[in-house]
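> Next one to model:
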Amino acid sequence: MPRAWKVLHLDEQLIVLDKPSGLLSVPGRGDDKYDSLAVQVAADYPGARNVHRLDRDTSGVIVMAFDAETHRQLSRQFEQRETSKRYVAIVAGQVADDSGRIELPLRKDFDHPPRHMVDPELGKPAITDWQIETWLKDATRLALIPQTGRSHQLRVHLQAIGHPILGDPLYSPPEIKAAAPRLMLHAQELEITHPASGKRMRFTAPAPF
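Now for the predicted structure:
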């Protein structure tokens with residue numbers, strides 16, 4: 001199994017990695033979906049287990065814990081929104097404003113798994129803040145700061161406002177999907193409180209696009 005990920009930080013309690021696009025965070029259903037970041041990292045660093053996930057096609061910063069207490073404390077930070085995350089994305093079209101907020105509740109799209117969808121009545125609250133990084137030809141590079149952590153949140157929110165992410169196989173029309181060789185979404189920064197030291201730590205991985 002090729003090791004395309006990079007170690008950004010390593011200590012006795014946790015390991016922080018830069019996950020490549022195209023690699024599952026954890027094993028999926030079926031033997032063909034067993035290979036994943038969790039499996040590969042645990043083979044090289046026994047005991048490491050996922051605290052959170054990134055979509056298969058999303059690259060970027062992800063943290064894993066080595067012991068139950070670290071896992072519990074980091075999981076609580078994610079659940080209680082005590083972490084800080086920043087993504088970068090390239091989306092279709094010219095986004096008009098310099099910044100904004102998307103507040104659209106989300107739920108699973110049971111008729112089209114594994115997709116998710118906006119549902120004002122049954123969806124769970126989901127909030128994404130965004131800022132322009134630069135305008136490109138027929139596209140815009142955005143910084144995305146999710147305030148909640150719903151599955152596929154950034155992808156669905158950007159599709160919902162008419163600016164799907166380039167290369168998105170689930171939420172972009174064919175011409176937008178074909179406009180990039182991968183999903184143009186990268187988890188650029190993650191800030192956590194270290195469970196052992198109590199120190200606030202920020203980890204970054206430059207976007208590969």
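> Touching, residue 168 and residue 177? I think so.
Yes - using C-beta atoms under 8 Å, residue 168 and residue 177 qualify as a contacting pair, with a distance of 6.2 Å. Backbone N, C-alpha and C define where each C-beta goes, glycine included.
> If you count surrounding residues, which of these two has more?
More neighbours surround residue 168 than the other of residue 168 and residue 177, with 28 against 18 (other C-beta atoms under 10 Å).
> what comes into contact with stretch 192-202?
For stretch 192-202, the external contacting residues (C-beta atoms under 8 Å, 6 or more residues apart in numbering) are 9, 11-14, 63, 69-70, 73-74, 77, 82-84, 189-191, 203.
> Please produce a PyMOL select command covering the buried subset of those residues.
In PyMOL, selecting the buried portion of the contacts of stretch 192-202, with burial taken from 16 or more other C-beta atoms under 10 Å, looks like this:
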select buried, resi 13+14+63+70+73+74+77+83+189+190+191+203
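> And the pLDDT at the spatially most central residue of the chain?
For the chain, the residue nearest the mean C-alpha position is residue 54 (4.2 Å; C-alpha atoms, centre = their mean). pLDDT for residue 54: 97.
> The one 3 residues further on now?
Per-residue confidence at residue 57 stands at 97 (pLDDT).
> again, but for residue 188
As predicted, residue 188 sits at a pLDDT of 98.
> what's the distance between it and residue 61?
Using C-beta to C-beta, to the nearest Å, residue 188 is found at 7 Å from residue 61.
> repeat for residue 74
Counting by C-beta to C-beta, the separation of residue 74 from residue 61 is 13 Å.
> residue contacts, the residue nearest to the centre of the chain?
Residues counted as contacts of residue 54 (C-beta under 8 Å, 6+ apart) are 19, 25, 60, 62, 187.
> Could you export the residues you listed as TSV, including distance to residue 33, secondary structure and neighbour count?
As requested, the contacts of residue 54 are exported to TSV (distance: C-beta to C-beta, whole Å; DSSP: H, G, I helix; E, B strand; the rest coil; neighbours: other C-beta atoms under 10 Å):
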residue	distance to residue 33	secondary structure	neighbour count
19	16	strand	27
25	11	coil	18
60	20	strand	26
62	18	strand	26
187	21	strand	26
